[in-house]
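[1] Generate coordinates for the sequence data below:
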Amino acid sequence: MNRFYSTRRIVSMSELTNTTQWEGEVVVEYINRWRALSLECKDRLSETSAVGMCINGMNWDLLYILNGIKPKSFHKLATRAHDMEITVNARNKTKSSSSKAISEKKEFKKTEKGSKGSSKVAMPVTTSNTPVKISVKPKYEMEKVAYTKDFKGDKPTLKDL
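    Predicted structure coming up:
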């Protein structure tokens, strides 16, 4: 039966160029998968051009970095890509935790501003059995009221101040 039918799969050049790294796939596994496919390709590629095609199918972060490095062999590609993947993942984890801290800080500032604004409203305070209301006005509003009572013109003069 083997004489009439070959179980070997022939891979086209377009299939190689369309092979990309899957989401969540470790870069070394992608490189091994791509290399196994390239060995089944009917067109023979030089190792340098095969490495370049493999890089073009990688996730954007690694693709950008490795295109600048331009490794010439699959061994160098796998080594560099693995190191870069670890670095990029560590950076992304740090970035996400720092962005979370920044958003928490912004949220705290929003609530802090809200609590400052609410101090202008009368607040009921209970001491012993009788409730007491305390009205808080900002200092500059009290000064503004004092100025308007003392002088007759629209604007205060230096003498009035």
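[2] What ranges does the chain have for its helices?
    13-18, 27-39, 47-56, 60-69, 74-117, 139-150 (DSSP state H).
[3] Which positions in the first one come out as buried?
    Buried positions in helix 13-18, judged by neighbour count with 16 or more other C-beta atoms under 10 Å: Leu16. All C-beta spots, glycine's among them, are computed from the backbone N, C-alpha and C.
[4] coming back round to it: which of the helices of the chain has the lowest mean pLDDT?
    With a mean of 53, helix 139-150 has the lowest mean pLDDT of the helices of the chain.
[5] From Glu40, how far off is Leu62?
    Distance of Leu62 to Glu40, computed by C-beta to C-beta, to the nearest Å: 24 Å.
[6] the more surrounded of the two?
    Leu62 (20 against 13; other C-beta atoms under 10 Å).
[7] how close does that one sit to Lys70?
    13 Å.
[8] swap in Ala78?
    With C-beta to C-beta as the criterion, Ala78 and Lys70 are 15 Å apart.
[9] Leu16 now?
    19 Å.
[10] Return the backbone torsion pair for Glu23.
    With angles defined as degrees, to the nearest 10, Glu23 sits at phi -70, psi 130.
[11] Neighbours of it, how many?
    Glu23, neighbours per other C-beta under 10 Å, totals 6.
[12] so what pLDDT did it get?
    92.
[13] To what extent is Ser96 buried, counted in neighbours?
    10.
[14] I should have written Ile55 there, sorry.
    With other C-beta under 10 Å as criterion, Ile55 counts 22.
[15] Thank you, goodbye.
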